[in-house]
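**Q** starting from these lines, generate the structure:
(one chain, ligands or ions: 1)
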Amino acid sequence: MGMMIGKDRVMGPCRAVGHSASSSSSLARRSFSLGSRRSVSAVSATLESRDTDAASSGLDRLVITAPDDWHLHVRDGDVLADVVPHTASEYSRAIIMPNLTPPVTTTRLAEEYKERIRRQVPQGSVFEPLMTLYLTDNMPVDEVYKAKESGILAFKLYPAGATTNSDSGVTDVRNCFEVFKAMEETGVILLVHGEVVDPKIDIFDREKVFIESTLQVILDKFPRLKVVLEHITTKHAVEFLETAPDNVGATVTPQHMLLNRNSLLVGGIKPHFYCLPILKREEHRRAIVDAVTTGAPHFFLGTDSAPHPDRNKLSACGCAGIYSAPMALPIYAQIFEEAGALGNFEKFASINGPAFYDVPRNQHKLELVRETWEVPKSYKFGKDVVVPLGAGTKLNWRVAC
Ligand SMILES: [Zn+2]
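**A** Below is the predicted model:
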């Protein structure tokens, strides 16, 4: 293992998809502003250009074990052709979320969905979709054994109504205790959208309350169950993870390392920064960056890339979800670099996830080069367009071909 700098041969997947054209504008000339350890007041939210040379590692090339995305939404139907190649050109594997309409609740549905995804993987890509099932109140215990046998690695717990297409989710985790028992026995992993949905609980507190009221109950009852707290957003989650046993892990998105709630709400509402769990205060973002950039084994890459047609984002009741598949790796690399921790990037992107999931590390490599490029303003998304994270801004790192 070990990150290699220099002239190593690279056999990694390659960006196979051209970006849509984007014209220059004042926004387009800006760069992402990332907070640094030295400058807490440098609000990452503003997207104002700032000099990041001080935080530069001085490296121009980064060769890492090929990464995996441990939390991904690719949707279904026509749009698969537009989004799957973005992930397949940079990642070797991805955990595919099951929140379709209707949700992927059976092994057979997951196998069919996997086949539809596979058909959109470009030739020459080694990409493998890793399937999950959507937990419901009445999931039969037998399904755990069927899933295990067919190679399904995990089940996803959505509290009913917590996020996009979660209406069929679990109303009370006690309804799933028999299923959790079978998962604990078989080693099938529980992936958790860690937010309560009680209308009395403030949206900014929902992760903290979930950890205290629900996650702890599950772990007390099933101490050997492997659990991933998905897309963590708070210092409470970080503290929980840092003292949790080895069977508990967490994915971290680029937006929750990059942005805080000011990014979403100051100077006009920014629907393209709206996701769930919602962006939190700067102190939470800071705690996540500090913990994750140590390379600690609990934390691994999960983009939660979640495309929506732009018209559904720019709506009176806009959808939650940020599309980040094509630029998440450069953003993560930039965050690690600004934290002075580029040497730990490979652990987060490529080592910790396979170790937690107990699957082999990828054998081939992926190369990132220091090269400024501008994130396209939009990408084709079926008959619509999707506006990605950082649309029109400049990034320092680029995945090499
Ligand atoms: Zn998600």
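
**Q** tell me where the stretch 101-250 of the chain has helices.
**A** For the stretch 101-250 of the chain, applying DSSP state H, counting those that start in this stretch gives helices covering 107-118, 142-149, 177-186, 206-210, 216-221, 235-243.

**Q** packing partners for the fourth one?
**A** The elements that helix 206-210 packs onto, with contact taken as 3 or more C-beta pairs under 8 Å, 6 or more residues apart in numbering; DSSP states H and E, are helix 235-243. Bear in mind the C-beta positions are built from the backbone N, C-alpha and C, glycine included.

**Q** how far out from the middle of the chain is the helix it packs on?
**A** Using C-alpha atoms, centre = their mean, to the nearest Å, the distance from the centre of helix 235-243 to the centre of the chain it belongs to is 18 Å.

**Q** swap in stretch 94-108?
**A** Chain-centre distance of stretch 94-108: 16 Å, with C-alpha atoms, centre = their mean.

**Q** so which bits of it are buried?
**A** Within stretch 94-108, the residues that qualify as buried are 94-100, 103-107, counting by 16 or more other C-beta atoms under 10 Å.

**Q** the helices in the stretch 301-401 of the chain, which residues?
**A** With DSSP H, counting those that start in this stretch as the criterion, the stretch 301-401 of the chain has helices spanning 310-313, 328-338, 345-346, 352-357.

**Q** just the buried residues of stretch 94-108: which are in strands?
**A** Among the buried residues of stretch 94-108, the members found in strands (DSSP state E) are 94-96.

**Q** of those, closest to Ala328?
**A** The nearest member of those to Ala328, counting by C-beta to C-beta, is Ala94 at 11.2 Å.

**Q** residues contacting the closest one?
**A** By C-beta atoms under 8 Å, 6 or more residues apart in numbering, the contact list for Ala94 reads 68-70, 72, 74, 87, 127, 129-130.

**Q** need phi/psi at Gly187.
**A** The phi and psi values for Gly187, taken as degrees, to the nearest 10, are phi 80, psi 10.

**Q** what angle sits between the longest strand anywhere in the chain and helix 328-338?
**A** If you go by DSSP E, the chain has its longest strand at strand 365-374. Using axes from the mean of the first three to the mean of the last three C-alpha atoms, to 10 degrees, the inter-axis angle of strand 365-374 relative to helix 328-338 is 90 degrees.

**Q** helices and strands around strand 365-374, which ones?
**A** Counting contacts by 3+ C-beta pairs under 8 Å, 6+ apart, strand 365-374 is packed against strand 61-65, helix 328-338, strand 394-399.

**Q** quick one: closest of the ones you listed to Thr214.
**A** Once the helices and strands packed on strand 365-374 are compared by C-beta to C-beta, helix 328-338 is nearest, at 28.0 Å.

**Q** buried residues, the closest one. List them.
**A** Along helix 328-338, these residues count as buried under the neighbour rule (16+ other C-beta under 10 Å): 328-338.

**Q** with only the CA atoms kept, save stretch 114-127 in CSV.
**A** This file holds the C-alpha atoms of stretch 114-127, laid out as CSV (Å, rounded to 0.1, in the frame of the first residue of the first chain):
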residue,chain,number,x,y,z
LYS,A,114,-27.5,-4.4,-10.6
GLU,A,115,-27.9,-5.7,-14.1
ARG,A,116,-29.4,-2.3,-15.3
ILE,A,117,-26.4,-0.5,-13.7
ARG,A,118,-23.9,-2.9,-15.2
ARG,A,119,-25.2,-2.3,-18.7
GLN,A,120,-24.1,1.4,-18.4
VAL,A,121,-20.5,0.7,-17.2
PRO,A,122,-18.2,1.8,-20.0
GLN,A,123,-16.1,-0.8,-21.7
GLY,A,124,-12.7,-1.2,-20.1
SER,A,125,-13.9,-0.1,-16.6
VAL,A,126,-13.6,-2.6,-13.8
PHE,A,127,-16.4,-0.9,-11.9
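
**Q** now that stretch: mean pLDDT?
**A** Computed over stretch 114-127, the mean pLDDT rounds to 97.

**Q** buried sites along stretch 380-388?
**A** Neighbour counts using 16+ other C-beta under 10 Å place 381-382, 384-388 of stretch 380-388 among the buried residues.

**Q** now, which of the residues you listed lie within strands?
**A** Among the buried residues of stretch 380-388, the ones falling in strands (DSSP E) are 381, 384-386.

**Q** biggest separation within these, which pair?
**A** Comparing the members of those, the greatest separation, given C-beta to C-beta, is between Asp384 and Val386, at 7.0 Å.

**Q** mutual contacts of the two, please.
**A** With C-beta under 8 Å, 6+ apart, Asp384 and Val386 have common neighbours 309-310.

**Q** tell me the contacts of the closest residue to Asp68 other than its chain neighbours?
**A** Leaving out its chain neighbours, the residue that sits closest to Asp68 by C-beta to C-beta, 6 or more residues apart in numbering is Arg93, at 4.3 Å. Residues near Arg93 by C-beta under 8 Å, 6+ apart: 68-69, 127-130, 359, 362.
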